[in-house]
Each structure stands twice: as structure tokens, then as C-alpha cells.
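K.L.:
Generate coordinates for the sequence data below:
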Amino acid sequence: MLRDILDRRRATRSLAPVEITQAMIKDLAESARLMPSCFNKQPWRFIFVYDKEQLTRLHSALNKGNEWAKKASLIVAVFTKKDLDCVIKDREYYLFDTGMATAALILRATEMGLVAHPIAGYDEDKVKEALNIPTEYQVITLINIGKQADEIDPILSDYQKLAEKERPARLPLENFVYLNKFS
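P.N.:
Numbers count the residues shown, from 1 in each chain. Coordinates of the predicted model:
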């Protein structure tokens, strides 16, 4: 069942509206909450933005190539800070642990029949200002959530339109999997 969800998960950009409910938000947040973290510190923080006025404020932080995200019914800001998690012998766990929680949220959204597309194309200071996030936090990603639209969004670039039709190429296993030692 998890493998089916992994296979279905796509970061498409042609979004159609979906009704956002408190139950849906709670379900997505609970999926993230269940993930492991160093000494169970749970460093992740999420702001679920679905209010139309607040979404419009957040849209001002998007880079030009992410204008398609304005059609998302829900944008989840993912943020954290280093001192919320373990640092063991110079190994900082806050980004890793927050990444695992974010992956769980994305996979649960996929299981619910939604598109959950994380992006890096935004102005972090504008995101913090729009959402009242204190400066000491790091905004890691914005996850744009909606339904998959029936038609490809005409605002997309040619590259983005192609990626809507088929999954972009994945690296072959031999490019990132090593057995017993690095070679």
C-alpha cells in the first residue's frame, strides 16, 4: 500500500480547488506528528494557510516561476530552528527530522487524492512577514496543496507542461546506492 502511494505521488503544478476542512488539516498534521525525531524533540512547525486573504498575502512571496501555486487551496509553510532539536557531535538533526515529518504529510495528502507540491521558489523574508514567523526560524519549504486539474495550466512553462504529462526522470539506483562501502 505505501509503495502504491509512493508511485502515485507527483509534484504536478496544474491545480484545481479542493475544499479545505479542519478534519483534513488535523489528519495531515497528525501524519507529520507521528514521525520519529532525535530524542523525540519534534522540531517541525507547520502553518496551514487556507484563508483567501492570507493566501493572497503569501502569494506575494512566490517567485515568478511559481505563479501556478496561486491556485493551491492550501499552502503549508514548513519551518524550524536548530535549537529545537539535537546537535550530537556537530550533527544537526533539525532539518532531517523536519524533512521526515514533511514527507509523511506529503504522502498522506497523496493518499487522500491530493497533490502536495513542495517548492523552494519564494522569498523567505516575505513568507516570514506574511505569516508572522519569527526571524530566528528557517522556512524550509512551502507545500502547495490542491486537486489535480483536468487540464494543464496554460501559465506553465514548456518544461513544466512536459513534467505534467510524465514523471521527470529519476536517477538510476547505481547513481546513489552503494553496497558495503562508497565506490
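K.L.:
So for P134, what's the nearest residue that isn't a sequence neighbour?
P.N.:
K128 (7.5 Å; CB to CB, 6 or more residues apart in numbering). For glycine as for every other residue, the C-beta is placed from the backbone atoms N, C-alpha and C.
K.L.:
Tabulate the CA atom coordinates of the helix or strand encompassing the one you found in CSV.
P.N.:
Here K128, judged by DSSP states H and E, is contained in helix 124-131. Extracted C-alpha coordinates of helix 124-131, given in CSV (Å, rounded to 0.1, in the frame of the first residue of the first chain):
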residue,chain,number,x,y,z
GLU,A,124,11.8,33.7,2.9
ASP,A,125,11.6,37.1,4.5
LYS,A,126,8.3,37.8,2.8
VAL,A,127,7.0,34.4,3.9
LYS,A,128,8.0,35.2,7.5
GLU,A,129,6.4,38.6,7.3
ALA,A,130,3.1,37.3,5.8
LEU,A,131,2.8,34.6,8.4
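K.L.:
Run through the residues that contact the residue nearest to P134.
P.N.:
P134, T135, Y137, V139 (CB atoms under 8 Å, 6 or more residues apart in numbering).
K.L.:
Put the buried members of these into a PyMOL selection.
P.N.:
This is the PyMOL syntax for the buried subset of those, where burial follows 16 or more other CB atoms under 10 Å:
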select buried, resi 137+139
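K.L.:
Now secondary structure and distance to I88 too, for the contacts of K128, in a markdown table please.
P.N.:
Below are those laid out as a markdown table (DSSP: H, G, I helix; E, B strand; the rest coil; distance: CB to CB, whole Å):
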| residue | secondary structure | distance to I88 |
| --- | --- | --- |
| P134 | coil | 25 |
| T135 | coil | 26 |
| Y137 | coil | 21 |
| V139 | strand | 24 |
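K.L.:
Can you tell me which of the contacts of K128 is closest to Q42?
P.N.:
Closest approach between the contacts of K128 and Q42, by CB to CB: Y137, at 14.7 Å.
K.L.:
CA-only coordinates of the one helix or strand in the chain whose mean pLDDT sits lowest in CSV, if you can.
P.N.:
Ranked by mean pLDDT, DSSP states H and E, the weakest helix or strand in the chain is helix 158-165, scoring a mean of 94. Extracted C-alpha coordinates of helix 158-165, given in CSV (Å, rounded to 0.1, in the frame of the first residue of the first chain):
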residue,chain,number,x,y,z
ASP,A,158,7.1,24.4,-21.7
TYR,A,159,9.3,22.4,-19.3
GLN,A,160,6.7,22.5,-16.6
LYS,A,161,4.0,21.4,-19.1
LEU,A,162,6.1,18.4,-20.1
ALA,A,163,6.6,17.5,-16.5
GLU,A,164,2.8,17.5,-16.0
LYS,A,165,2.4,14.7,-18.6
